[in-house]
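> Here is a sequence with its predicted model. Questions after.
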Amino acid sequence: MNTNKVYVLGGAQTDFERNWSKEGKNVIALLREVISDGCYDASLTYAQIEQLNKENRIGFFVGNFIAELYANQGHLGALLTEVHPAFYGVPSARYEAACASGSVALDAAITKIRSGDYDVAIVVGWEMMKTVSSKVGGDYLGRAAYYDKEGKGIDFPFPKLFGRLADAYIDRYGEEDRYMSALASIAEINYENAKRNPNAQTRKWFMSREQANMRDTETNMLVGGKLAVSDCSQVTDGAAMVVLCSEKYKEESGLKGPTPVVKGFGHRVAPMQFSKKLEESRDMDYILPWTRQTVVDAYCRAGVTVNDIDFFETHDCFTSSEYAAISAFGITEPGKEYEAVEDGVIAFDGTKPINPSGGLIGCGHPVGASGVRMFLDLYKQIAHKAGDYQLIKADTGCMLNIGGSATTNYVFVMGRE
C-alpha cells in the first residue's frame, strides 16, 4: 500500500452564533456557504472539482450525527448534489460516530489519499440543532449513549453522564474543592479564548472563574451531578469544511512553501455504557484508558511526544471531559490535572494551550461538525491563519474528538513538513 503524505489546503467554518432556522435557511444554505468559503480558502474551484471527478481523483466525505431527527433528512452524501452541479457524480457518503462523526469522515478521507485512491478529498461536518427545543434535542443526543439504558426517559442524559465522570475523579483522587475550582477555571479559559474568535458562539458572552464556581444558583443551575450550566458546551447550528490533498496534487498545483500535513492519528472505542467504562478501568491508572491509548497511538504514528506538541484542541463537551484530556495528552499524570490548570499551562499564553479557539464550550458544538472544526483550527494555527487567536508558537498541534461518553475516541496530530 502507498503511504502518501496528506496535506491540508484550507477550509472554512460558519459563524456558530447563527440560528439558521430563525433566518429561514435550511441545510442546503448552510452547506453552500461553508463549501463555497472553504473551496475559496483552499484555492479549489468548481471547475477543478469537475475535472478531478472526470479523472476519478476526488471524493467527498460528510460527518453528521443525527440529521434524520434534527432536520428530517438522511442520505447526506447524495444531498451534496443540491449544493452545486459540480458534485454530480463525485463519490460521497456520510460517516457517523455521534460527536466524533466529523473525525470518522476525516479518517476515511485521509485513508483514501494515503492509499493513492484519491488526490483530493473534501470533508464537511455539520449539524443543525436549533430546530427543536433543548429538551427534545437532549433526548436526540441520548442516542449517542446506549439509549435504552442511558438515555430513554432521562432529561438531558449527557450532563448526567459527564457529571458521573466528575464524581469518578473526586471518588478516586479526592480534593473535591480543588477539582471543582479547576473545572471553573477551564470554563473561564474557554469563554475568554472565544472572545478572540470571530466565529465563536459565545464571543459576546461573559464568564469568570468566580461565576463558574458558583454552582446551583439561579444563574448557574446544576444540570448533571455537580456540573452546572457553566460546565456545558453549547447547542449550536454550524458546519466546518477542510480540503485535503496528496503530495502529487500539491506538486501539480505548484503550491510553494510549507503546507500543514497530517502526521498521525489514533482511533479507539471504549465500552458503550459509562458504568462499564468505570468497572473496566477501576484498577487502571486512567479512568478513561481508551482515550489515553488513542493519544499514545497518534503520538507513536506521528513520531512525537507531548513535548513536541505546541497546542491542543480538545472535546470539552463538559469541563470534566477537558479535565480528563489533560492527563490523556500526557501534560500531567492522572489525578494531577489541576496542576496544569492552576499553573496556567493550558491558558492561551501557557506552554501547552488548550482550545485557543474557545473549544466546544466557547466556540460551539454542532455535534457532527466539531471534529472537522477542531481539525480546521489545527490547520489555521499551523498555517498562521488564526487571526486574533493566533498562537506565537504553533508548529505542531494535536486534537481529541470523542463520541458519546468518551466511547469513540479520535486523535489527529498535524504539523509542518
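Received, thanks.
> Break down the chain into its strands, ranges please.
Here the chain has its strands, by DSSP state E, at 6-13, 58-63, 92-95, 120-127, 222-224, 227-228, 238-246, 261-269, 311-314, 396-403, 408-415.
> wait, which of those is closest to A29?
Taking C-beta to C-beta, strand 238-246 is the member of the strands of the chain nearest to A29, at 10.3 Å. Yep, even glycine has a C-beta here, placed from its N, CA and C like the rest.
> May I see the buried residues of that closest one?
Under the neighbour-count criterion of 16 or more other C-beta atoms under 10 Å, strand 238-246 has 238-246 buried.
> ranking the strands of the chain by mean pLDDT, which is last?
Lowest mean pLDDT within the strands of the chain: strand 222-224, a mean of 93.
> Show me what the helix of greatest length in the chain is packed against.
Secondary structure assigned by DSSP state H gives helix 176-194 as the longest helix of the chain. When contacts are defined as 3 or more C-beta pairs under 8 Å, 6 or more residues apart in numbering; DSSP states H and E, helix 176-194 packs onto helix 157-173, helix 209-212, helix 319-328, helix 337-342, helix 359-362.
> That one versus helix 157-173: what angle between them?
130 degrees (axes from the mean of the first three to the mean of the last three C-alpha atoms, to 10 degrees).
> Identify each buried residue in helix 176-194, please.
So for helix 176-194, counting by 16+ other C-beta under 10 Å, buried means 179-194.
> Tell me what angle that helix forms with helix 319-328.
90 degrees.
> Off-centre distance for helix 176-194?
Helix 176-194 sits 19 Å away from the centroid of its parent chain (C-alpha atoms, centre = their mean, to the nearest Å).
> Put the alpha carbons of it into PDB.
Included here for helix 176-194 are C-alpha records, laid out as PDB according to Å, rounded to 0.1, in the frame of the first residue of the first chain:
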ATOM      1  CA  GLU A 176     -13.300  18.000  45.600                       C
ATOM      2  CA  ASP A 177     -12.900  21.700  46.100                       C
ATOM      3  CA  ARG A 178      -9.700  21.800  44.100                       C
ATOM      4  CA  TYR A 179     -11.200  19.700  41.300                       C
ATOM      5  CA  MET A 180     -14.400  21.800  41.000                       C
ATOM      6  CA  SER A 181     -12.300  25.000  41.100                       C
ATOM      7  CA  ALA A 182     -10.200  23.700  38.200                       C
ATOM      8  CA  LEU A 183     -13.400  23.000  36.200                       C
ATOM      9  CA  ALA A 184     -14.500  26.600  36.800                       C
ATOM     10  CA  SER A 185     -11.100  27.800  35.500                       C
ATOM     11  CA  ILE A 186     -11.400  25.600  32.400                       C
ATOM     12  CA  ALA A 187     -14.800  27.300  31.700                       C
ATOM     13  CA  GLU A 188     -13.300  30.700  32.200                       C
ATOM     14  CA  ILE A 189     -10.400  30.000  29.800                       C
ATOM     15  CA  ASN A 190     -12.700  28.700  27.100                       C
ATOM     16  CA  TYR A 191     -15.000  31.600  27.300                       C
ATOM     17  CA  GLU A 192     -12.100  34.100  27.300                       C
ATOM     18  CA  ASN A 193     -10.400  32.400  24.300                       C
ATOM     19  CA  ALA A 194     -13.700  32.500  22.400                       C
END
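> Show me what the mean pLDDT comes to for that helix.
98.
> related to what we said a few turns ago, distance to L31 added to the buried residues of strand 238-246, as a markdown table?
Below are the buried residues of strand 238-246 laid out as a markdown table (distance: C-beta to C-beta, whole Å):
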| residue | distance to L31 |
| --- | --- |
| G238 | 11 |
| A239 | 6 |
| A240 | 11 |
| M241 | 9 |
| V242 | 14 |
| V243 | 15 |
| L244 | 18 |
| C245 | 21 |
| S246 | 25 |
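> Now flag whichever of the residues you listed is closest to L30.
When the buried residues of strand 238-246 are compared against L30 (criterion: C-beta to C-beta), the nearest one is A239, at 5.3 Å.
> Wait, that closest one touches F16, no?
No: counting by C-beta atoms under 8 Å, A239 does not reach F16; the two are 9.4 Å apart.
> Overlap in contacts, those two.
P366 (C-beta atoms under 8 Å, 6 or more residues apart in numbering).
> picking up where we left off before, select, out of the strands of the chain, the one closest to G163.
Of all these, the one in closest proximity to G163, counting by C-beta to C-beta, is strand 222-224 (3.4 Å).
> Tell me the buried residues in the closest one?
Applying 16+ other C-beta under 10 Å to strand 222-224 flags 223-224 as buried.
> Report how many residues lie close to the closest residue to M221 other than its chain neighbours.
Distances taken as C-beta to C-beta, 6 or more residues apart in numbering place V229 nearest to M221, at 5.7 Å, with adjacent residues excluded. By other C-beta atoms under 10 Å, the residues close to V229 number 16.
> got a list of what V229 touches?
So V229 contacts 220-221, 223 (C-beta under 8 Å, 6+ apart).
> what does the model give it for pLDDT?
96.
> Quickly note the distance from it to W205.
Going from V229 to W205 by C-beta to C-beta, to the nearest Å gives 12 Å.
> Likewise for S115?
44 Å.
> do the same with R172
Taking C-beta to C-beta, one finds R172 at 33 Å from W205.
> before we move on, what about G174?
To W205, G174 is 32 Å away according to C-beta to C-beta.
> now swap in G10 and tell me
On the measure of C-beta to C-beta, G10 and W205 end up 29 Å apart.
> likewise A347?
Counting by C-beta to C-beta - A347 and W205 are separated by 18 Å.
> How about M128?
Taken as C-beta to C-beta, the span from M128 to W205 is 21 Å.
> Which one of the two is surrounded by more residues?
M128 (25 against 13).
> ok, now which ones touch the more buried one?
If you count contacts by C-beta under 8 Å, 6+ apart, M128 has them with 20-21, 27, 30, 67, 70-71, 237, 366.
> Go through those and say which is closest to K380.
For the contacts of M128, the closest approach to K380 (C-beta to C-beta) belongs to P366, at 17.7 Å.
> Tell me the pLDDT of that closest one.
pLDDT at P366 comes out at 98.
> Quick one: neighbours of it, just the number.
P366, neighbours per other C-beta under 10 Å, totals 32.
> And for Y88, the neighbour number?
There are 10 residues near Y88, going by other C-beta under 10 Å.
> Next one: it from E50, what distance?
The gap separating Y88 from E50 is 9 Å, by C-beta to C-beta.
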